[in-house]
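Participant: pasted the sequence and its predicted model underneath.
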Amino acid sequence: MIVDKVDQFIGGFSSYSGLDEGQCRLLTCVFLSFPFSAIFKRIPDKYYKIKNYYIIFISAFYIAVVLKLYTGVQVLFFNALFTYILTKYLNSKLMPWINLVFLMLFLCINHLHAQFFVDFDPTVVDITGAQMVLVMKLSSFAWSYRDGQLYHKDVARFNSELNTFQKSRAILKHPSFLSFMGYVFFYATIVTGPSFDYADYERFILTDMFVDVPESKKPGRRRKRMIPKSGRVALLKVLMGLGWAGLLIYSQTKITQSYVISNDFLTDNSFIFRIFYLWAFGFTLRLKYYSVWTISEAGCIVAGIGYNGYDAKKDKFYWNRVQNIDIYAFETGQNVHTCLEAWNMN
């Protein structure tokens, strides 16, 4: 069976890399996004429903087969269904707040359950990771739809109270359930993020995002595709992510949590050494995010949703629409505000 084959691969991956099986399952989903995205880009642009079905199917495969979170699909679906029904039928200015409170409470319950009622198992992936990404997407969806309702009720207030960014993200028409689920279960970001707005997803799935791509830059010999080529850009991101992953694997053998919490750490080292060791330890903990987010961003670039415009003067495509972190800006940030701007950027 395919489940057994996946388990065998994960076991070998874990033994070879030194990472636990849970991390290997996450990385497997991330890397599988590249061949799946290559197939996605070749689905004819006009087949929007097929694209959405494809996205949902791949995400279900990730969660149920690779991650083995059989109840995880139910958790994510329940969150998504609640937001879809609430936003569609509750016409109130409190709607986004009700949605946010419910999502956060449900997430909190799952976090508390994982923390206090389940024994840690390195072979198991916690569904709360994917749920946190979903909370960001669903909460932003509710606010964007509320902004769209304001447009229909009072155009003057819409233009005066909302900034340019909010206007560009406003959802003027409630989407179909299929399109909404495609947005929620977008396979390249379902597990690790990054989050993005529904307005971007709609423009992506309808290919409106690529209207500025010159005809000469469109790929395909007989049938031109709207999504331009992005292999080189994605490859550079993957290599960068692999570099962070290699540094993570190496550093885990040199800088360990067990040493930080030991008595020897306090008694055998000076205060200055302990400060720098803790800084290095914190850096090693961030490396897994740098690796996974960078490679996930590459997956989004291959799929096309990372596209952020074409500069005719420079003859250059930009692929930073779903960039989730500016590593240099975060590591060199001089205050909390700068670091927050560079972390979870979407």
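Facilitator: Nice, I can see it.
Participant: and the strands in this protein, which stretches?
Facilitator: Applying DSSP state E to the chain gives strands spanning 310-311, 316-317.
Participant: for these, give me TSV that also has mean pLDDT, mean neighbour count and distance to residue 345.
Facilitator: Bear in mind the C-beta positions are built from the backbone N, C-alpha and C, glycine included. Output for the strands of the chain, formatted as TSV (pLDDT from 0 to 100; neighbours: other Cβ atoms under 10 Å; distance: least, Cβ to Cβ, whole Å):
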stretch	mean pLDDT	mean neighbour count	distance to residue 345
strand 310-311	84	14	21
strand 316-317	86	14	19
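Participant: as CSV, those strands with distance to residue 18 would be great.
Facilitator: CSV is the format used below for the strands of the chain (distance: least, Cβ to Cβ, whole Å):
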stretch, distance to residue 18
strand 310-311, 42
strand 316-317, 37
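Participant: mind checking which of those is nearest residue 293?
Facilitator: strand 316-317 (20.8 Å; Cβ to Cβ).
Participant: how much space separates residue 305 from residue 188?
Facilitator: Separation of residue 305 from residue 188 (Cβ to Cβ, to the nearest Å) stands at 7 Å.
Participant: with neighbour numbers in mind, choose between those two.
Facilitator: Using other Cβ atoms under 10 Å, the more surrounded residue of residue 305 and residue 188 is residue 188, with 31 against 24.
Participant: show the contacting residues for the more buried one.
Facilitator: Residues near residue 188 by Cβ atoms under 8 Å, 6 or more residues apart in numbering: 33, 37, 296, 299-300, 303, 305.
Participant: returning to what we had before: nearest to residue 251, of the strands of the chain?
Facilitator: Nearest to residue 251, of the strands of the chain and by Cβ to Cβ, is strand 316-317 at 34.3 Å.
Participant: show the pLDDT at the most centrally placed residue in the chain.
Facilitator: Geometric centre of the chain, nearest residue: residue 193, 1.3 Å, by Cα atoms, centre = their mean. Residue 193 is assigned a predicted lDDT (pLDDT) of 78.
Participant: please apply the same query to residue 229.
Facilitator: 83.
Participant: just checking, residue 186 touches residue 62?
Facilitator: No: applying Cβ atoms under 8 Å as the test, residue 186 and residue 62 come out as separate, 10.9 Å apart.
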